[in-house]
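> Just the structure for this:
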Amino acid sequence: MSLLIFNGSPRGEKSNSDIIISWFMKDITSATTVYLKKVKQHESIIEEAKSFDQLLFVFPLYVDGMPAQVKHFFERMNQHKEVFKGKEVSFIIHSGFSEAIHSKNLEKYLYRFADIMEMKIYGVFVIPGSEGFRIMPPRMTAKKAKQVAAIGRDYQRNIPFQKEVKAALEGPLVHSKSQAAYFKIIQKLGLSNLYWDQQLKKNKAFDKRFDAPYSE
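Residues are numbered from 1 along each chain as shown. Alright, predicted model coming up:
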């Protein structure tokens, strides 16, 4: 197996995508990772892809779509279809949303993209609730890490992924009524904004969080 992994996060080496890649790689002996945030290197990355027969894209959801650098790379791939035809490809989409439904349109797009590129697709995996992975202690992400490692292990063995693992990783498509009620309570208590408030304070913008510069 010669595996090339594409980290599509704008955060690059300090991203939740890198954390997920490390989980996937737990039982994989070797792989090469490239960072798509380095847009000027996209042509050389395509050249590098020629020597790999398996590709994995890991990136966060951006506005129910993909980061701009991922879209740019896909467009470059389309211009070099001969490089990618027949290769096996997989995708891991993750997002801060706690419901899998936000990623489902993109999941369909990725299956279609692989078909257009005449690539063999191993799977598209959706991971909700990923925003805090890079700052959470390992005990809080242990379950997700184990699930992603299981997919990586099946991939290493060249066997189909376990559908129940994929389903457990995604969780429910939408929240149940009881879960929705729980999140409303969390929101009212202000606990759902802890991370974002921290980022606002870090960037000296906390006192501007209710500004509406485009309102009349």
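> How about the host helix or strand of Glu107, which residues are buried there?
For Glu107, the host element (DSSP states H and E) is helix 104-116. Going by neighbour count (16 or more other CB atoms under 10 Å), the buried part of helix 104-116 is 104, 106-107, 110, 113-114. The way it works is simple: take the backbone N, C-alpha and C, and place the C-beta from them, glycine included.
> nearest to Tyr62, of these?
Among the buried residues of helix 104-116, Leu106 lies closest to Tyr62 (CB to CB), at 9.6 Å.
> who's in contact with that closest one?
With contact taken as CB atoms under 8 Å, 6 or more residues apart in numbering, Leu106 is in contact with 61, 64-66, 93.
> In strands, which of these fall?
Ile93 (DSSP state E).
> Could you list the low-pLDDT ranges of the chain?
Applying pLDDT under 70 to the chain picks out residues 175-176, 179-180, 182-183, 186, 191-192, 216.
> if we go to 90?
Within the chain, the ranges that satisfy pLDDT under 90 run 1, 29-30, 63-64, 96-99, 131-132, 134-138, 172-200, 206, 208-216.
> Can you pull the domain assignment for it?
Listed domain ranges for the chain are 3-173, 175-209 (source: automatic domain parsing).
> Turn those domains into TSV, including distance to Ser215.
Listed next are these as TSV, based on distance: least, CB to CB, whole Å:
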stretch	distance to Ser215
domain 3-173	21
domain 175-209	14
